[in-house]
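Engineer: Starting from these lines, generate the structure:
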Amino acid sequence: MGLGNRGMAFEMLINLANKMYQRGGVSLIDKCPTPVKVLFSNSHRKVRYSM
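Structural biologist: Coordinates of the predicted model:
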């Protein structure tokens with residue numbers, strides 16, 4: 001199993017809940033992405049990140 005789509009099902013569930021809140025006039029929730037800088041280390045085959 002690839003690691004590229006981890007959390008997509010959870011993300012879709014959150015988006016569905018947000019749409020239901022918006023349709024009901026309860027609230028409008030906007031997603032704010034967290035800034036992340038990906039750092040690759042080819043010598044050790046590890047991926048690191050910093051925020």
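Engineer: C-alpha from now on. contacts and neighbour counts both.
Structural biologist: Fine.
Engineer: ok, which stretches of the protein are strands?
Structural biologist: For the chain, the strands defined by DSSP state E cover 37-41, 46-50.
Engineer: Pick out the shakiest of those, pLDDT-wise.
Structural biologist: Mean pLDDT is lowest for strand 46-50 among these, at a mean of 63.
Engineer: Please work out how many residues are found near A17.
Structural biologist: 13 (other C-alpha atoms under 10 Å).
Engineer: Can you read off the pLDDT for it?
Structural biologist: pLDDT at A17 comes out at 92.
Engineer: So it versus K37, what's the distance?
Structural biologist: 29 Å (C-alpha to C-alpha, to the nearest Å).
Engineer: next one: M12
Structural biologist: Distance from M12 to K37, by C-alpha to C-alpha: 24 Å.
Engineer: and what of G24?
Structural biologist: From G24 to K37 the distance is 37 Å (C-alpha to C-alpha).
Engineer: And L16, by the same measure?
Structural biologist: In terms of C-alpha to C-alpha, L16 sits 28 Å off from K37.
Engineer: quick one, what contacts D30?
Structural biologist: Not one residue lies near D30 by C-alpha atoms under 8 Å, 6 or more residues apart in numbering.
Engineer: cool, and E11?
Structural biologist: Counting by C-alpha under 8 Å, 6+ apart, E11 has no contacts.
Engineer: Can you read off the pLDDT for it?
Structural biologist: pLDDT at E11 comes out at 89.
Engineer: Skipping adjacent residues, who's closest to I29 in space?
Structural biologist: N18 (6.2 Å; C-alpha to C-alpha, 6 or more residues apart in numbering).
Engineer: buried stuff in stretch 33-40?
Structural biologist: Buried residues in stretch 33-40, counted by 16 or more other C-alpha atoms under 10 Å: none are found.
Engineer: Before I go, just wanted to say thanks for your time.
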